[in-house]
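# Provided below for reference: sequence and predicted model.
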Amino acid sequence: MDKLLCDELVQEVFQRLPPSSSSVSLVSKRWLHLHRTSRTSLTLRLTGDDPTVASISTLLSHYPFLSCLSILSSNPRSKTSLADQFLLLVCTFCAKLHSLRFLAGPVSASSLTSLSAACTQLTSLCINLSRPFFLMWIINFPKLRDLSIRVCSGEIGVEQQDDCGFLADEDSGAELGLESLCLSGIGAGDWGLGWLWRSCRKLKKLQLKSCEGVGDGGSFSSFTTCLQGVQEVELRTSRSILDGVLLKLAENCDSLTSLLVYDGGSREALLRFFSQCHCNLQKLDFRLPLDLKNDHLLAVSTNFRSLSILRLQSCCLVSGEGLKALGTAVNCGLEELALINCDVVEREPGLLSALGQNLRKLRKLDLSHNEMLLDKEFMSMLVSCNYLVDLRVRGCKGLTNASIFSMIKSCKCLERVDIMHCSGIQAEAIESFVVNSPQLKWVQVEQSKISDAAKTWASHKFIEAVA
């Protein structure tokens, strides 16, 4: 049989197999070679002591057709010099790359210049840089659309210092093709970002993580330049700049459709944004334990009636009044609701029932980690939510088998369900759920709760059961 299968056919089979089936390459040396040459995606995790350059070189040489590569290191002491050597190996063996995630240590500007010359098809790049960092090398990647930079402490190479003169030419008139930009760890005094903001006129998505600034003083005035066409903004643990960024968004960004804010912000700035922003927001995702209050939700219900996704996590000061007002305002359009670890779910009886009656077109519902949520409250909402396709109640320890039977009765369209760590739900209810859910495709539950009969039914109905 091995002789009857030509190389091209074997490679075609390998490309259609899931990654977990890679052991088939052990059949013979020929199959091993064909398996490697058929791979277009590879992830390398460097653990323990730094591996030798020779070992990485040998490994990469076996995969000549990679289009997507991730190299990650768990060693926090990785140096720029070693990371540069690994990156030069990527330049040597992976010329066909479209996507590179290189987090094996901070890299220098010179090695990135070499990367741009070798991997001319790169559209996505994720890297670490050490201070002081310089960004004019981005010009050398004309096809780059997705860029992620994490700034970390590290040694400063000679190449980076030499690049400073080039950086000073901020009037170069470059216009970058970036559509998605993620910056992590930016400090208030980091230079050079003003040029970046002025050059990013095509941005659709902007992410700022653990940032204390958007560059030096002059950079903030340039920041508004990149906001004109932005549709998605994510601000994570960036409390010191959040107020200013929200103000700039409200004043300069009419195209914003999605906003995520995690762990940071002032109540006043949030309220000003909700009151002054004129964009057509469709998605709000907040994790603000002590900042989000009732008046914010009331402002959202007044100004953003086109909202289709609302996700709240650990929002302790939100009350039922705000959520009910919001539910009434967006009742026709809201398709996804998440109230994760929000004690208002447990604190105010009847809230879920009211939300269910107003939000009858919900397709996704996430009530995870509300440990004291009881069957009565949960079931009173499900009665009205007949169009749910995705339901998650992970960690809701107060739910019992009764909730599962209510899901079977009320939610005939369910396709994906997460019921992990629900100690009150037993194996017999899981079995009944698998048997009687006609659209179910994926369920996440403890292995110990999946009976043999449930496994058989899941297999027959092509349901993926994940433990």
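It's in. Keep in mind that this is a model prediction, so the values were computed, not measured.
# And the strands in the stretch 101-250 of the chain?
124-130, 146-152, 180-184, 205-209, 232-236 (DSSP state E, counting those that start in this stretch).
# Can I get the last one in CSV? Just the C-alpha atoms.
To tie it back to what came earlier, the one meant is strand 232-236. Taking C-alpha atoms only, strand 232-236 is exported to CSV below (Å, rounded to 0.1, in the frame of the first residue of the first chain):
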residue,chain,number,x,y,z
GLU,A,232,-12.3,48.0,17.7
VAL,A,233,-10.4,49.2,20.8
GLU,A,234,-9.2,47.1,23.7
LEU,A,235,-7.7,48.7,26.8
ARG,A,236,-6.4,46.2,29.4
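# in its sheet, what does it sit against?
strand 205-209 (parallel), strand 258-262 (parallel) (DSSP bridges).
# For the last one, list the C-alpha coordinates in PDB.
So that's strand 258-262. Output in PDB follows, covering the C-alpha atoms of strand 258-262 (Å, rounded to 0.1, in the frame of the first residue of the first chain):
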ATOM      1  CA  SER A 258     -16.400  47.500  19.700                       C
ATOM      2  CA  LEU A 259     -14.900  48.600  23.100                       C
ATOM      3  CA  LEU A 260     -13.200  46.400  25.700                       C
ATOM      4  CA  VAL A 261     -12.000  47.800  29.000                       C
ATOM      5  CA  TYR A 262     -10.400  45.600  31.600                       C
END
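# Could you list the residues in contact with that strand?
With contact meaning C-beta atoms under 8 Å, 6 or more residues apart in numbering, strand 258-262 is reached by 231-237, 242, 249, 270, 281-288, 309. Heads up, the C-betas are built off the backbone N, CA and C, glycines and all.
# mind checking how far it is from the chain centre?
12 Å (C-alpha atoms, centre = their mean, to the nearest Å).
# Kindly report the same for stretch 257-265.
Relative to the chain's own centre, stretch 257-265 is displaced by 13 Å; criterion: C-alpha atoms, centre = their mean.
# And the average pLDDT for that stretch is what?
For stretch 257-265, the mean pLDDT works out to 92.
# Start and end of that stretch, how far apart?
The stretch stretch 257-265 measures 20 Å between its terminal residues, going by C-alpha to C-alpha, to the nearest Å.
# likewise stretch 430-446?
End-to-end for stretch 430-446, by C-alpha to C-alpha: 10 Å.
# Would you indicate which residues of that stretch are buried?
Ile430, Glu431, Ser432, Phe433, Val434, Val435, Ser437, Leu440, Val443, Gln444, Val445 (16 or more other C-beta atoms under 10 Å).
# residue contacts, the fifth one?
Contacts for Val434 (C-beta under 8 Å, 6+ apart) come out as Leu440, Val443, Ala454, Trp457, Ala458, Lys461, Ile463, Ala465.
# did I read that right, it in a helix?
Yes. Under DSSP: H, G, I helix; E, B strand; the rest coil, Val434 falls within a helix.
# quick one on the thing from earlier: what would the contacts of Val434 look like in CSV with pLDDT, secondary structure and distance to Leu339?
What follows is the contacts of Val434, written out as CSV (pLDDT from 0 to 100; DSSP: H, G, I helix; E, B strand; the rest coil; distance: C-beta to C-beta, whole Å):
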residue, pLDDT, secondary structure, distance to Leu339
Leu440, 97, coil, 23
Val443, 96, strand, 21
Ala454, 94, helix, 29
Trp457, 93, helix, 31
Ala458, 93, helix, 29
Lys461, 91, coil, 30
Ile463, 92, coil, 27
Ala465, 88, strand, 26
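# Can you turn the buried part of the residues you listed into a PyMOL selection?
PyMOL command restricting those to the buried ones, with burial defined by 16+ other C-beta under 10 Å:
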select buried, resi 440+443+454+457+458+463+465
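# sorry, back to before: quick one: which of the buried residues of stretch 430-446 is nearest to Pro132?
Distance to Pro132, by C-beta to C-beta, is smallest for Gln444 among the buried residues of stretch 430-446, at 45.3 Å.
# got CSV for the contacts of Val434, with distance to Asp263 too?
Formatted as CSV, those follow (distance: C-beta to C-beta, whole Å):
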residue, distance to Asp263
Leu440, 35
Val443, 31
Ala454, 39
Trp457, 42
Ala458, 38
Lys461, 41
Ile463, 36
Ala465, 34
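# The residue lying closest to Gly320 once chain neighbours are set aside - how many residues pack around it?
Nearest residue to Gly320, sequence neighbours excluded (C-beta to C-beta, 6 or more residues apart in numbering): Glu348, at 3.9 Å. Residues near Glu348, counting by other C-beta atoms under 10 Å, number 16.
# From Asn75, how far out is Glu348?
Glu348 sits at a distance of 49 Å from Asn75 (criterion: C-beta to C-beta, to the nearest Å).
# what does Phe220 give?
35 Å.
# Pick out whichever of these two has more residues nearby.
Phe220 (19 against 15).
# Nearest residue to the more buried one in space, please, no chain neighbours.
Excluding the flanking residues, the one nearest Phe220 by C-beta to C-beta, 6+ apart is Val214, at 5.6 Å.
# which stretch among the strands of the stretch 101-250 of the chain comes nearest Phe304?
Here strand 232-236 is closest among these (C-beta to C-beta), at 14.6 Å.
# Quick one: residues contacting Leu227.
For Leu227, the contact set (C-beta under 8 Å, 6+ apart) comprises Leu203, Leu206, Lys248, Leu249, Asn252, Cys253.
# Please render the residues you listed as CSV that adds distance to Ile138 to the earlier fields.
Shown next, in CSV, are the contacts of Leu227 (distance: C-beta to C-beta, whole Å):
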residue, distance to Ile138
Leu203, 13
Leu206, 15
Lys248, 22
Leu249, 24
Asn252, 23
Cys253, 22
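# out of these, who has the most neighbours?
For these, neighbours tallied by other C-beta under 10 Å; top is Leu206, 24 neighbours.
# How much space separates the nearest residue to Val393 once chain neighbours are set aside from Leu88?
Leaving aside its chain neighbours, Val393 sits nearest to Leu367 (5.3 Å; criterion: C-beta to C-beta, 6+ apart). Computed as C-beta to C-beta, the Leu367 to Leu88 distance reads 50 Å.
# between these two, which one's more packed in?
Leu367 (24 against 18).
# and Arg201, what does it touch?
Here Arg201 is in contact with Glu175, Leu176, Thr225, Cys226, Gln228, Gly229 (criterion: C-beta under 8 Å, 6+ apart).
# which of those residues count as buried?
Leu176, Thr225, Cys226.
# any idea which of the residues you listed is closest to Phe133?
Set against Phe133, the nearest of those by C-beta to C-beta is Leu176 (16.1 Å).
# Just read off the phi/psi values of the closest one.
When read as degrees, to the nearest 10, the backbone of Leu176 gives phi -80, psi 150.
# And for Leu87?
phi -70, psi -30.
# ok, it touching Pro106?
No. In this structure, Leu87 is not within contact of Pro106 by C-beta atoms under 8 Å, at 10.5 Å.
# how far away is the closest residue in space to Leu440 that isn't next to it in sequence from Gln228?
Closest residue in space to Leu440, ignoring its immediate chain neighbours: Ile463 at 5.3 Å, by C-beta to C-beta, 6+ apart. Ile463 sits at a distance of 46 Å from Gln228 (criterion: C-beta to C-beta).
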